[in-house]
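Asker: Let me see the structure of the following:
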Amino acid sequence: MGTKLSSSVREQVEKGVAILKQGGVIAFPTDTVYGLGAGIAISTAVERVYRIKKRPRNMALPLLLADLSQLDKIAVLIPTSARLLAEKFWPGPLTLVLLKSDSVPDIVSGGNRTIAVRIPAHPIPTTLARGLGTAIIGTSANLSGQPSALTAEEARAQLGDKVDLIIDSDCPGGKESTIVDLSGETPVILRLGALSIETLRQICPDITVKGG
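Answerer: Have a look, this model is predicted:
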């Protein structure tokens, strides 16, 4: 999707950035499904995301970045395979699980030492993260266990008035991202999604599928 936003959508995004800076929670389209977001540094906002989704606190919240420069701020000991995958498939439907830096609060990672992160191929979440100056939470905008929302209307039907803003714009995806864990010795696919194992093996020949 191109980087140009209509004036009406740009106004919504600017409002979204302001809400995130104030510790609010918003829903927004991505290149896969609608996302539910907050700033990672504001614990009360992160807690609201867990409550809104009815998500267990030990389940980490995935993060969205504006660009690669934000990656080194939130992850450490990033392996070469992760950088190769990021260069090839970001922006896009690939989520990488990496060791988190101390700058990421434990509430975001569910108390785990890893984080899940990607750069979406959609101008709205990347503009939000750039405007906020940090990674943003990008979990799916739905109640835990329910279908992922693909439109503002579907997000509103599940989340109602529990969020401060739902940005209404195009969400061209539908298939969730493929998740690859790169925190161990070898890359492991935790969830197959928009990217196939054959596609990933072109960059990471030793990649395996969890349980496979």
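Asker: quick one: the strands in the chain?
Answerer: For the chain, applying DSSP state E gives strands covering 26-28, 35-37, 63-64, 94-99, 114-118, 136-137, 139-140, 165-166, 178-181, 188-191, 208-209.
Asker: closest one to Lys15 among those strands?
Answerer: Nearest to Lys15 among the strands of the chain is strand 165-166; the distance by Cβ to Cβ comes to 6.2 Å. To be clear about C-beta, it is placed using only N, CA and C from the backbone, and glycine gets the same treatment.
Asker: So for the closest one, mean pLDDT?
Answerer: Mean pLDDT, computed over strand 165-166, is 98.
Asker: which helices and strands sit right next to it?
Answerer: Packing partners of strand 165-166 (3 or more Cβ pairs under 8 Å, 6 or more residues apart in numbering; DSSP states H and E): helix 7-21, strand 26-28, helix 152-159.
Asker: Find the nearest non-adjacent residue to Thr126, please.
Answerer: Nearest residue to Thr126, sequence neighbours excluded (Cβ to Cβ, 6 or more residues apart in numbering): Ala66, at 4.8 Å.
Asker: Asn58 versus the one you found, what's the distance?
Answerer: The spacing between Ala66 and Asn58, counted by Cβ to Cβ, to the nearest Å, is 28 Å.
Asker: what does Thr134 give?
Answerer: Noted for Thr134: a distance of 23 Å to Asn58, by Cβ to Cβ.
Asker: Just want to know which of the two has more residues nearby.
Answerer: Neighbour count, other Cβ atoms under 10 Å: between Thr134 and Asn58, Thr134 has more, with 19 against 9.
Asker: how much space between Ile107 and Gly131?
Answerer: To Gly131, Ile107 is 22 Å away according to Cβ to Cβ.
Asker: now swap in Arg113 and tell me
Answerer: 29 Å.
Asker: And the two? Which one has more around it.
Answerer: Gly131 (16 against 13).
Asker: sorry, back to before: nearest to Glu14, out of the strands of the chain?
Answerer: When the strands of the chain are compared by Cβ to Cβ, strand 165-166 sits nearest Glu14, at 10.9 Å.
Asker: which residues touch that closest one?
Answerer: 12, 15-16, 19, 24, 26-28, 141, 152, 155-156, 159 (Cβ atoms under 8 Å, 6 or more residues apart in numbering).
Asker: and that strand, which strands flank it?
Answerer: Partners of strand 165-166 in the sheet, by DSSP bridges, are strand 26-28 (parallel).
Asker: which residues does the residue nearest to Ala152 when sequence neighbours are not counted contact?
Answerer: The shortest distance from Ala152 to any non-neighbouring residue, by Cβ to Cβ, 6+ apart, is to Asp168 (4.0 Å). Each residue near Asp168 by Cβ under 8 Å, 6+ apart is listed here: 9, 12, 152.
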